[in-house]
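Trainee: show me the folded form of this:
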Amino acid sequence: MHDQLELWLRPRACSLPRHATRERIEQLTVCDTTPCKPSRPPIVNPVDETGAPGVGRRPVTAAQARRASRGWWDADADRYQGEQGEFLGEVDFLWGPEGLREVDAGLLGPVRGQRVLELGCGAAAGARWLARAGAVAVGLDLSAGMLRHAAAGTDRSRVTVPLVQADALALPFRDGCFDLVCTAFGAIPFVADSAALMREVARVLRPGGRWVFSVTHPIRWVFLDDPTERGLVAVHSYFDRTPYVEHGPDGVPRYVEQHRTLGDRIRELVAAGFVLTDLVEPEWPAGQERVWQQWSPLRGRLFPGTAVFVTHLPAG
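Mentor: Just a heads-up that it's a prediction; the model follows:
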């Protein structure tokens, strides 16, 4: 499998370490273009008069968003997996906090024998599920912290998939080398230019290839991230695309999340050449009382929390 992966890799200035393909892979690092410590000082944005950490909506650069995402998920990986790992499973593919599983939904179509990239794979439970289902799967993430958990999951489950650390906006793969690309809440909300991400996914897919992804439902943008009654009141404009930013006392963004409307997302897909075949809005299941951050039974029974886009490229 790892020798085959080498054939998919795009010729670049930095190449796959050959020794990493000959041994059990704990982390396969490819073309890491986003150093944690930038060679020049980061752009510092204004902060409030106290210089305290804060939360708000403000513009950020693409570089700031990339650094924030990698730094956040590296630092938060242990906590996130400790809280959510059991729900996500070791070898499973969940589309969102509602608990919709791919084994039940079948949104990816047949995967046996398919070359599949899980984008923003996190701990790679989805990639392992794909591999167990017969796919030739690869997991990719920007965060070394999350890929460390992916490698640990491989050890525990004994389901091995290659793990690639790279930026979703610069996939280190040759054109047309995958049959399917998928992600559940990975990468898309965290990049400044999601239209470019759609184009990059289209590049690595073969003609007729499928692109299936889930994101937070755009309607959630108008509400506070609160699972209680406070989260039922619309306080933000649905049409405000200004990123949500958490920053430290120095004003440097620590967490950045982007918003696009449903119309924005469809236009991005169409511009990249995709055909939208379904838009799934999972309903909150009866009997599920679990609260996951902003997702709760109270809110989930009133309006959607997840949107799953099912798309493909034309066959020829």
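Trainee: mind listing what Glu281 touches?
Mentor: For Glu281, the contact set (CB atoms under 8 Å, 6 or more residues apart in numbering) comprises His217, Pro304, Thr306, Ala307, Val308. In this view, the C-beta of every residue, glycine as well, is placed from N, C-alpha and C.
Trainee: narrow the residues you listed to those in strands?
Mentor: By the criterion of DSSP state E, membership of these in strands covers Thr306, Ala307, Val308.
Trainee: helix, strand, or coil at the residue nearest to the spatial centre of the chain?
Mentor: Centroid-nearest residue in the chain: Gly186, 0.8 Å away (criterion: CA atoms, centre = their mean). Under DSSP: H, G, I helix; E, B strand; the rest coil, Gly186 falls in the coil class.
Trainee: how far away is it from Pro218?
Mentor: 17 Å (CB to CB, to the nearest Å).
Trainee: strands of the stretch 51-200 of the chain, start to end?
Mentor: 54-57, 115-119, 136-141, 163-165, 178-184 (DSSP state E, counting those that start in this stretch).
Trainee: quick one on the thing from earlier: between the ones in strands among the contacts of Glu281, which is closest to Val270?
Mentor: Nearest to Val270, judged by CB to CB, of those is Ala307 at 16.1 Å.
Trainee: coming back round to it: ok, the residue nearest to the centre of the chain - contacts?
Mentor: Residues near Gly186 by CB under 8 Å, 6+ apart: Glu118, Leu119, Gly120, Cys121, Gly122, Asp141, Ala168, Phe213.
Trainee: what do you get for Gly134?
Mentor: Val111, Arg112, Gly113.
Trainee: columns mean neighbour count, distance to Ala196 and mean pLDDT on top of the strands of the stretch 51-200 of the chain, output as TSV?
Mentor: As requested, those are arranged in TSV below (neighbours: other CB atoms under 10 Å; distance: least, CB to CB, whole Å; pLDDT from 0 to 100):
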stretch	mean neighbour count	distance to Ala196	mean pLDDT
strand 54-57	13	22	90
strand 115-119	26	13	98
strand 136-141	28	16	98
strand 163-165	25	19	97
strand 178-184	25	15	98
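Trainee: among those strands, which is nearest Pro253?
Mentor: strand 54-57 (10.3 Å).
Trainee: helices or strands next to that closest one in the packing?
Mentor: On a contact count with 3 or more CB pairs under 8 Å, 6 or more residues apart in numbering; DSSP states H and E, strand 54-57 meets strand 244-247.
Trainee: convert the strand it packs on to CSV, retaining C-alpha atoms only.
Mentor: Extracted in CSV, the C-alpha atoms of strand 244-247 (Å, rounded to 0.1, in the frame of the first residue of the first chain):
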residue,chain,number,x,y,z
TYR,A,244,-15.2,33.6,13.9
VAL,A,245,-11.8,34.2,15.8
GLU,A,246,-10.5,33.4,19.2
HIS,A,247,-7.3,35.2,20.0
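Trainee: follow-up on the earlier one: dump the contacts of Glu281 to CSV, plus pLDDT, neighbour count and distance to Gly54.
Mentor: What follows is the contacts of Glu281, written out as CSV (pLDDT from 0 to 100; neighbours: other CB atoms under 10 Å; distance: CB to CB, whole Å):
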residue, pLDDT, neighbour count, distance to Gly54
His217, 97, 17, 26
Pro304, 94, 19, 29
Thr306, 96, 24, 28
Ala307, 98, 21, 29
Val308, 98, 22, 33
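Trainee: pLDDT score for Cys36?
Mentor: pLDDT recorded at Cys36 is 32.
Trainee: low-scoring pLDDT stretches of the stretch 1-150 of the chain, where are they?
Mentor: Counting by pLDDT under 70, the stretch 1-150 of the chain contains low-confidence residues at 1-52.
Trainee: please, where are all the helices along it?
Mentor: 2-8, 62-88, 102-105, 125-132, 144-157 (DSSP state H, counting those that start in this stretch).
Trainee: which of those helices sits closest to Leu232?
Mentor: helix 62-88 (23.7 Å).
Trainee: which other helices and strands contact the closest one?
Mentor: helix 144-157, strand 253-257.
Trainee: let's have the ones you listed in CSV, adding distance to Thr277 and mean neighbour count.
Mentor: Below are those laid out as CSV (distance: least, CB to CB, whole Å; neighbours: other CB atoms under 10 Å):
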stretch, distance to Thr277, mean neighbour count
helix 144-157, 29, 20
strand 253-257, 27, 21
